[in-house]
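1. kindly return the folded structure for what I paste below:
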Amino acid sequence: MENIYDLVVIGGGISSSTFIANILKKGFKGKIAVVEAGRGLGGRCSTRYSYKDKKLALNHGCPNFNVNYSLKNSSLDDFITELLDKNLIKNLENSCFEFDENYKLSKNYTNDFYLGNVYTSTCNMSKLVENLINLYNTKNQIDFYFESLIVKLNFNSKLWNIISNKNKKIVGKFLVCTSNLLLHKRSLEILNVCEIPLRKAVNKKNIKIDEIIKLTNKQEYIKRNNFLIFTKENCHLEGIFDKDIIHFIFNEKGQKEIGFERIIFQKQFNNSLGIVVHTRNMEHVLDNYDRENKKFLYQFISNKLNKFLIKSQITFKNLLLDDFSRMTWRASQPIGEGIPERLQICEEYKIGFCGDWFQVEGYGSVLGAISSGLKLSKKFIKFYEIND
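-> Residues are numbered from 1 along each chain as shown. So this is what the prediction gives:
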């Protein structure tokens, strides 16, 4: 007889971990399966390790999150306080510098991701997601299925049947999607299917399901290319820039002139520096370099990086770069109108949704993912109490 989970959660990112931590905290006693396409937890809060030394680590997706306290939200306040009390996050103070198109420090701070209180993990972001998802897992209620991309699902006899790319079948009484891939038209190409998986899974019309699919498909996404770089040992920045973590961000004109969205430096255990270079709207340039030779692509990025550092007087000599890799995000940030919170749960089909793609506090950011996870946990517990 196959194992039937009380809850199956697709996605192992920050919204998933927030949702699971809160339902366990509120007393959910069921068995949970977490299904993640990656090799581990994290999602867009993942940490990448150096090929040469696994002790070297970079938060390469979302290295921080911020809370603008003009928003009054007691659940969010309590959650952040708990993370601080448990030493899972820390304040990221005086470490963000914004530059304009002339390589000068900008007087007008414009980046929404750094307004209010800024936080980062006390360890690394993947570890934060892992610690969160296990925060109240004291009775070992969770099974993990990594490197499992969901390609098919259906709702039959009041159960969700979920099939992965490895032909692994997982059955659950309730399903939560933290990624919207199974609702979005981009799934047709990525999963090589003929119909949006969620639409195919539900064999009759449903107002909520139809509406969330329709609205989700109106959303577009920012595509990013991130470059992950490690310097040689005993390499550091000078003066006010000599910190454990430092963010160089650029205003809109600066992004167009310099070519980068932001650059994040993270000190490593061996006194080297880990560097994440975030780029946008450079696909045509990067693809041309890719076709020629990856070595030329990395040299192109290295030259632009060192040009910025020297011209802005952050450092006075080229950094000696060592380990170099590239991460391509096909859908790193939703843009357009977010999905209304009222569509987070469909009781008829025992399915819920959370992620940064909902129109909640912090839409499109880590905060949005956290907020949606908190909100869905309340709805799920209410449903669970009524139907248990």
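2. okay, CA-based contacts and neighbour counts for the rest of this
-> Will do.
3. next SSE downstream of the helix or strand containing Lys304?
-> Counting by DSSP states H and E, the element that carries Lys304 is helix 294-311. Next in sequence after helix 294-311, counting helices and strands by DSSP H and E, comes strand 321-335.
4. check which helices and strands that next one sits against.
-> Applying 3 or more CA pairs under 8 Å, 6 or more residues apart in numbering; DSSP states H and E, we find strand 321-335 packed against strand 220-231.
5. strands paired with the strand it packs on, and their directions?
-> Sheet pairing of strand 220-231 (DSSP bridges) gives strand 273-280 (antiparallel), strand 321-335 (antiparallel).
6. just put those in TSV and tack on mean pLDDT.
-> Formatted as TSV, these follow (pLDDT from 0 to 100):
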stretch	mean pLDDT
strand 273-280	91
strand 321-335	84
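7. which of those strands has the highest mean neighbour count?
-> strand 273-280 (a mean of 23; mean count of other CA atoms under 10 Å).
8. that one to helix 294-311, inter-axis angle?
-> Inter-element angle recorded for strand 273-280 and helix 294-311: 100 degrees (by axes from the mean of the first three to the mean of the last three CA atoms, to 10 degrees).
9. switch to numbering from 787
-> From this message on, residue numbering opens at 787, which makes the last subject strand 1059-1066.
10. what about strand 1059-1066, distance to the chain center?
-> 16 Å (CA atoms, centre = their mean, to the nearest Å).
11. just the buried residues of stretch 1118-1133, please?
-> The neighbour-count check on stretch 1118-1133 (16 or more other CA atoms under 10 Å) flags 1118-1120, 1124-1125, 1129-1131 as buried.
12. Gly816 is nearest to which of the strands paired with strand 1006-1017?
-> Judged by CA to CA, the one of the strands paired with strand 1006-1017 that comes nearest to Gly816 is strand 1107-1121, at 31.9 Å.
13. so what touches the closest one?
-> The contact list for strand 1107-1121, computed with CA atoms under 8 Å, 6 or more residues apart in numbering, reads 830, 836-838, 1005-1018, 1084, 1088, 1142-1143, 1150-1151.
14. how far does that strand sit from its chain's centre?
-> With CA atoms, centre = their mean as the basis, strand 1107-1121 stands 12 Å off its chain's centre.
15. direction included, what does the helix or strand just after it pair up with?
-> In the C-terminal direction, the helix or strand that comes right after strand 1107-1121 (DSSP H and E) is strand 1131-1132. Strand pairing for strand 1131-1132, determined by DSSP bridges: strand 1137-1139 (antiparallel).
16. which element is the nearest residue in space to Phe899 that is not next to it in sequence on?
-> Distance criterion CA to CA, 6 or more residues apart in numbering; nearest residue to Phe899, sequence neighbours excluded, is Asn852 at 6.1 Å. Asn852 belongs to strand 851-853 when assigned by DSSP H and E.
17. that strand: what's the following helix or strand?
-> helix 860-871.
18. which residues are contacting that next one?
-> With CA under 8 Å, 6+ apart as the contact definition, helix 860-871 has outside contacts at 875-876, 1157, 1160.
19. of those residues - the most surrounded one?
-> Ser1157 (27 neighbours; other CA atoms under 10 Å).
20. tell me which element it is part of?
-> According to DSSP H and E, Ser1157 maps onto helix 1152-1173.
21. about what we covered before: give me the contacts around the helix holding Lys1090.
-> 889, 1044, 1072, 1075-1076, 1101-1105, 1107, 1110.
22. returning to that earlier point: isn't the residue nearest to Phe899 up against Ser907?
-> No. Judged on CA atoms under 8 Å, Asn852 makes no contact with Ser907 at a distance of 11.9 Å.
23. re the thing from before, wait, which of the strands paired with strand 1006-1017 is closest to Lys991?
-> It is, among the strands paired with strand 1006-1017 and with distance given as CA to CA, strand 1107-1121, at 26.4 Å.
24. okay but Ile1050 is in contact with Phe1036, surely?
-> No. Ile1050 is beyond contact range of Phe1036, at 11.7 Å (criterion: CA under 8 Å).
25. secondary structure class for Ile1049?
-> strand (DSSP: H, G, I helix; E, B strand; the rest coil).
26. now it: closest residue in space, sequence neighbours ignored.
-> Leaving out its chain neighbours, the residue that sits closest to Ile1049 by CA to CA, 6+ apart is Val1063, at 4.6 Å.
27. cool, and Ala807?
-> Excluding the flanking residues, the one nearest Ala807 by CA to CA, 6+ apart is Ile919, at 5.5 Å.
28. using CSV, please lay out the buried residues of stretch 1118-1133 together with distance to Leu1001.
-> Shown next, in CSV, are these (distance: CA to CA, whole Å):
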residue, distance to Leu1001
Ser1118, 18
Gln1119, 16
Pro1120, 12
Gly1124, 8
Ile1125, 7
Leu1129, 10
Gln1130, 12
Ile1131, 15
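29. neighbours around Ile1087, how many?
-> 17.
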